[in-house]
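Student: After the sequence you'll find the predicted model.
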Amino acid sequence: MDYQKLRNGSDIRGVALEGIEGQSVNLTEEVTRNIGRGFALWLIKKTGKKEALRVAVGRDSRLSGEKLSTWLCSAMVEAGLDVTNFNMASTPAMFMSTVTEGYEYDGSVMITASHLPFNRNGFKFFTKDGGLEGSDIKEILAFAESDETTSLSAGKLAEGEFMDTYAKILADKIRAATGEDKPLEGFRIVVDAGNGAGGFYVDKVLKPLGANTEGSRFLDPDGSFPNHIPNPENKEAMESITEAVRDANADLGIIFDTDVDRAGAVLSDGSELNRNRIIAMLAAILLREHPGTTIVTDSITSTGLAKFIEEKGGIHHRFKRGYRNVINESVRLNGLGQDSQLAIETSGHGALKENYFLDDGAYLVTKLLIELARGKKEGYKLESLIASLEEPAESVEFRMNILLDDFKAYGQSVIDELTAYAEKQNGWSLAPSNFEGVRVNLDEAHGNGWFLLRLSLHDPLLPLNIESNDEGGAKKIAQELAAFISGYDKLDAKALLDFAK
């Protein structure tokens, strides 16, 4: 097989179980073992060490996780690495095992496919420098596909535990920030883990800090995900945590994705804290701590968010989609001397400078809990921090498939031609400092909002995002676009054109 087809940005993902028609298993025992050998070869090359290399392995709740872990660990031991199996863990915890005193593994692997369906799985890799880049994954897969071996004597396999240590790091951070041993006493806080790996947060962080967590749901790991997809962007998942907050009359609701690198929340008034709203909340907190800092976001954040950040004294730097893209851009800005404390996507992937630029949903929630406790002392609620955020009246997305093998060239030609077209339209103006696709602002007469057309990072499609400040404005913007888009017969724009009618 072509191993490079398993590369998904800076991760490896594939099909690990039968059960969905048309999706054949490609994370077989042979492939998984070869990936383990490939990572060993890559790590030896990266570190320059040829002995005593130590690697930790963890997994989320997926049904295929234990099997993949057994194969992967065995292959890395055969390749000469000393491997510790942490079993159930979170993705951020696996990175932390490379930098936490007393652990400091040379590398780590998390077995996860985030929020994808039950039959999928994959691998995320870390060193003390952070998550790997796409170029590193390409190299690991090239090693996997080769016959090259390490020529080292077999290593050792051990069972270990890290989640208690990781959870204590989070709990101690809240204690240090509040100056109290049980700063969450008197608060009702509920968690929906969606049967992923995030249930630990209740027993190992919230309860030791004094919180009442009655009403939390779906904390037990179950890789069939019987209740809802563990994904803060999923409508059903957000309805679930909103219901939990309402039923428990909770002060805060928390929802994690499967491997806990993303999070969303629901405030005490029942309002959702995700997408632009969670970015605004974190920006408000960080701009108080670091006045003037730059907040790096992905390309589809709203105009209202940009205004909110600027009014709080910050700089909004809208960049490309992809959590590695926003993180790397924030790191780049800091390297140039421009302070940037937060890199975050609307999907909930958020990374803070103070936390190794690690996208960690549990750490983001920890920041919210510190603010919740502070607000109780000073007489305000979390809701007040984003009261001035102007939100769009309407927001829609269309994902238009490109019906060609050479989809990148075709998609880019559509974007280039739309850019030229936009410059000539009355009431349209190209957004300044745009780093992805074409973003156009439209005046009140033409829909009072904006649209962004971009090329997907990995798939043969053009996502189109539309936002308007007026009821009915999204349809008006779609109508403005329809005449142009309908001229491309290799673009499946039926949903957009139907919406515009």
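Tutor: That came through fine.

Student: pLDDT score assigned to the nearest residue to Ala79 once chain neighbours are set aside?
Tutor: Sequence neighbours aside, Ala40 is the residue nearest to Ala79 in space, at 3.6 Å (criterion: CB to CB, 6 or more residues apart in numbering). In this view, the C-beta of every residue, glycine as well, is placed from N, C-alpha and C. In this model, Ala40 is scored at 98, pLDDT.

Student: Identify the residues contacting the helix or strand of the chain with the lowest mean pLDDT?
Tutor: Every helix and strand of the chain was ranked by mean pLDDT, DSSP states H and E. The lowest is strand 7-8, at a mean of 93. Here strand 7-8 makes contact (CB atoms under 8 Å, 6 or more residues apart in numbering) with 122, 134, 137-138, 141, 458.

Student: Could you double-check that the residue nearest to Ala79 sits in contact with Met76?
Tutor: Yes - using CB atoms under 8 Å, Ala40 is in contact with Met76, at 5.3 Å.

Student: that older thread, how far away from the center of its chain is the helix or strand containing the residue nearest to Ala79?
Tutor: Applying DSSP states H and E as the criterion places Ala40 in helix 29-47. When distances are taken as CA atoms, centre = their mean, to the nearest Å, helix 29-47 is centred 25 Å away from the chain's centroid.

Student: Please apply the same query to stretch 59-69.
Tutor: With CA atoms, centre = their mean, you get 20 Å for stretch 59-69.

Student: What of stretch 114-133?
Tutor: 11 Å.

Student: Centroid-nearest residue for the chain?
Tutor: By CA atoms, centre = their mean, the chain has its centre lying nearest to His349, at 3.0 Å.

Student: Which parts of the stretch 1-150 of the chain are helices?
Tutor: All helices of the stretch 1-150 of the chain, identified by DSSP state H, counting those that start in this stretch, fall at 29-47, 65-78, 91-96, 134-145.

Student: a markdown table please, covering those helices and showing mean neighbour count and distance to Leu252.
Tutor: Shown next, in a markdown table, are these (neighbours: other CB atoms under 10 Å; distance: least, CB to CB, whole Å):
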| stretch | mean neighbour count | distance to Leu252 |
| --- | --- | --- |
| helix 29-47 | 21 | 38 |
| helix 65-78 | 20 | 29 |
| helix 91-96 | 28 | 20 |
| helix 134-145 | 19 | 36 |
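
Student: Including distance to Gly270, could the ones you listed go into JSON lines?
Tutor: Conversion of these to JSON lines gives the following (distance: least, CB to CB, whole Å):
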{"stretch": "helix 29-47", "distance to Gly270": "44"}
{"stretch": "helix 65-78", "distance to Gly270": "34"}
{"stretch": "helix 91-96", "distance to Gly270": "28"}
{"stretch": "helix 134-145", "distance to Gly270": "40"}
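
Student: Could you tell me the per-residue confidence at the nearest residue to Ser61 once chain neighbours are set aside?
Tutor: In space, and not counting its chain neighbours, Ser61 is closest to Pro221: 3.4 Å by CB to CB, 6+ apart. Predicted confidence (pLDDT) for Pro221: 97.

Student: so how far is Arg59 from Pro221?
Tutor: For Pro221, the distance to Arg59 (CB to CB, to the nearest Å) stands at 10 Å.

Student: shared neighbours, these two?
Tutor: Counting by CB under 8 Å, 6+ apart, the shared contacts of Pro221 and Arg59 are Met88.

Student: So these two - more neighbours on which side?
Tutor: With neighbours defined as other CB atoms under 10 Å, Pro221 and Arg59 compare such that Arg59 has more, 28 against 19.

Student: Assess the claim that that one and Thr91 are in contact.
Tutor: No - if you go by CB under 8 Å, Arg59 and Thr91 don't touch, sitting 10.0 Å apart.

Student: Can you spell out the domain ranges of the protein, please?
Tutor: Under the assignment automatic domain parsing, the domains of the chain span 3-160, 166-386, 394-500.

Student: sorry, back to before: distance check, the residue nearest to the centre of the chain against Thr213.
Tutor: Counting by CB to CB, the gap from His349 to Thr213 is 25 Å.

Student: what about the helices in the stretch 251-400 of the chain?
Tutor: With DSSP H, counting those that start in this stretch as the criterion, the stretch 251-400 of the chain has helices spanning 276-289, 303-311, 323-335, 361-378.

Student: mind checking the SS state of the nearest residue to Leu252 once chain neighbours are set aside?
Tutor: Closest residue in space to Leu252, ignoring its immediate chain neighbours: Ile189 at 5.0 Å, by CB to CB, 6+ apart. Look at Ile189: counting by DSSP: H, G, I helix; E, B strand; the rest coil, its state is strand.

Student: tell me, how many neighbours does Ile189 end up with?
Tutor: 29.

Student: Sheet partners, orientation included, of the least confident helix or strand of the chain?
Tutor: Note on strand 7-8: by DSSP bridges, its sheet partners are strand 11-15 (antiparallel).

Student: quick one: the strand it pairs with to helix 65-78, angle?
Tutor: Per axes from the mean of the first three to the mean of the last three CA atoms, to 10 degrees, the angle that strand 11-15 makes with helix 65-78 is 130 degrees.

Student: from what I can see Tyr3 touches Ala144, true?
Tutor: Yes - using CB under 8 Å, Tyr3 makes contact with Ala144 at a distance of 5.3 Å.

Student: which residues do the two both contact?
Tutor: Both Tyr3 and Ala144 are in contact with 31, 34-35, where contact means CB under 8 Å, 6+ apart.

Student: Would you mind measuring from the residue nearest to Leu252 to Phe218?
Tutor: Taking CB to CB, one finds Ile189 at 15 Å from Phe218.

Student: again with Ile111
Tutor: As for Ile111, its distance to Phe218 is 21 Å (criterion: CB to CB).

Student: more crowded one of the two?
Tutor: The neighbour comparison of Ile111 against Phe218 (other CB under 10 Å) goes to Ile111, with 28 against 24.

Student: got a pLDDT number for that one?
Tutor: 98.

Student: What segments of the stretch 401-501 of the chain are helices?
Tutor: Using DSSP H, counting those that start in this stretch, helices in the stretch 401-501 of the chain cover 407-422, 473-485, 494-500.

Student: Looking at these, which one is packed in the most?
Tutor: Most buried of the helices of the stretch 401-501 of the chain, by mean neighbour count (mean count of other CB atoms under 10 Å): helix 473-485, with a mean of 19.

Student: other SSEs contacting that helix?
Tutor: Contact partners of helix 473-485 among helices and strands, from 3 or more CB pairs under 8 Å, 6 or more residues apart in numbering; DSSP states H and E: strand 394-402, strand 449-453, strand 461-468, helix 494-500.

Student: Please save the CA atoms from it in CSV.
Tutor: C-alpha atoms of helix 473-485 as CSV (Å, rounded to 0.1, in the frame of the first residue of the first chain):
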residue,chain,number,x,y,z
GLY,A,473,-28.5,38.6,4.8
ALA,A,474,-26.8,35.2,4.3
LYS,A,475,-29.2,34.4,1.5
LYS,A,476,-28.6,37.8,-0.1
ILE,A,477,-24.9,37.2,-0.1
ALA,A,478,-25.4,33.7,-1.6
GLN,A,479,-27.5,35.3,-4.3
GLU,A,480,-24.7,37.7,-5.0
LEU,A,481,-22.3,34.8,-5.4
ALA,A,482,-24.7,32.5,-7.3
ALA,A,483,-24.1,34.0,-10.8
PHE,A,484,-20.4,33.6,-10.5
ILE,A,485,-20.3,30.1,-8.9
